[in-house]
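Trainee: got a predicted model here, sequence first, then my questions.
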Amino acid sequence: MAYLHNRIATRVCRTLAEQPLRRLAEISRELGIDRHTVTRALREHCACSFRQLQEAFIRSKCLAYGGPTDRPRLVKEISGSVGYVRADSLARWLRRADVRQATGEEPVRAEERDRRCSSCMTETPPARTRR
C-alpha cells in the first residue's frame with residue numbers, strides 16, 4: 001500500500017506540537033500505520049528521525065515557556081507545561097542536550113542549520129553522524 005509521506009509527516013508534527021512526549025509506537029498506532037513507515041516518511045519529508053524531531057519540539061516548547069517574562073520560570077513550571085511528570089526528568093534532558101551541544105556530538109552544517117521542515121515549519125535538527 002502506498003502512503004503519502006507528506007500527510008504522515010504533517011500529522012506526526014501536529015501531534016508532537018501538542019504533546020511532544022508522545023512515543024512513536026503510540027502515534028503510529030493512532031494513525032494505523034507501522035512505525036517503520038512513519039519513520040521512513042519523516043526521513044523522506046523532514047530529513048530527520050522521529051527522535052530528532054521530538055527533541056526539536058521539546059526544545060521549542062521549553063523555549064516558548066521560558067521566554068522573556070516578568071520573572072524567570074522554574075524548571076518545575078516548564079516541565080509540567082511540556083508534559084513531564086517530574087521536574088528532574090526535564091532537568092536531566094536539558095543537561096544531556098547541553099552536553100551534546102557543548103561536546104559537538106551533533107555537528108551543524110550551514111545547509112542543515114537553515115533547513116526547515118515544510119510540514120510543521122520547525123527547525124529540523126542536524127543529522128547525526130555515526131562513529
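Mentor: Yep, it's here.

Trainee: mind listing the helices for this protein?
Mentor: For the chain, the helices defined by DSSP state H cover 5-18, 24-31, 35-45, 50-65, 75-82, 87-103, 110-113.

Trainee: now the ones you listed in TSV, with mean pLDDT and mean neighbour count?
Mentor: The way it works is simple: take the backbone N, C-alpha and C, and place the C-beta from them, glycine included. Listed next are the helices of the chain as TSV, based on pLDDT from 0 to 100; neighbours: other CB atoms under 10 Å:
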stretch	mean pLDDT	mean neighbour count
helix 5-18	92	18
helix 24-31	95	15
helix 35-45	93	17
helix 50-65	84	18
helix 75-82	78	17
helix 87-103	73	13
helix 110-113	42	10
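
Trainee: Asp34 and Ser28 touch, don't they?
Mentor: Yes: Asp34 is in contact with Ser28 according to CB atoms under 8 Å; the separation is 6.4 Å.

Trainee: Val38 contacts Cys13, doesn't it?
Mentor: No: using CB under 8 Å, Val38 is not in contact with Cys13; the gap is 11.3 Å.

Trainee: give me the nearest residue to Lys61, chain neighbours excluded.
Mentor: With sequence-adjacent residues excluded and distances taken as CB to CB, 6 or more residues apart in numbering, Lys61 is closest to Val82, at 5.1 Å.

Trainee: an error on my part: the question was meant for Leu94.
Mentor: Cys62 (7.3 Å).

Trainee: any idea how far that neighbour lies from Asp88?
Mentor: For Cys62, the distance to Asp88 equals 15 Å [CB to CB, to the nearest Å].

Trainee: what do you get for Ile78?
Mentor: Ile78 sits 12 Å away from Asp88, going by CB to CB.

Trainee: check Cys13 too.
Mentor: For Cys13, the distance to Asp88 (CB to CB) stands at 28 Å.

Trainee: how about Arg95?
Mentor: From Arg95 to Asp88 the distance is 10 Å (CB to CB).

Trainee: ok, now Ala56?
Mentor: Plainly put, Ala56 is 22 Å away from Asp88 if you go by CB to CB.
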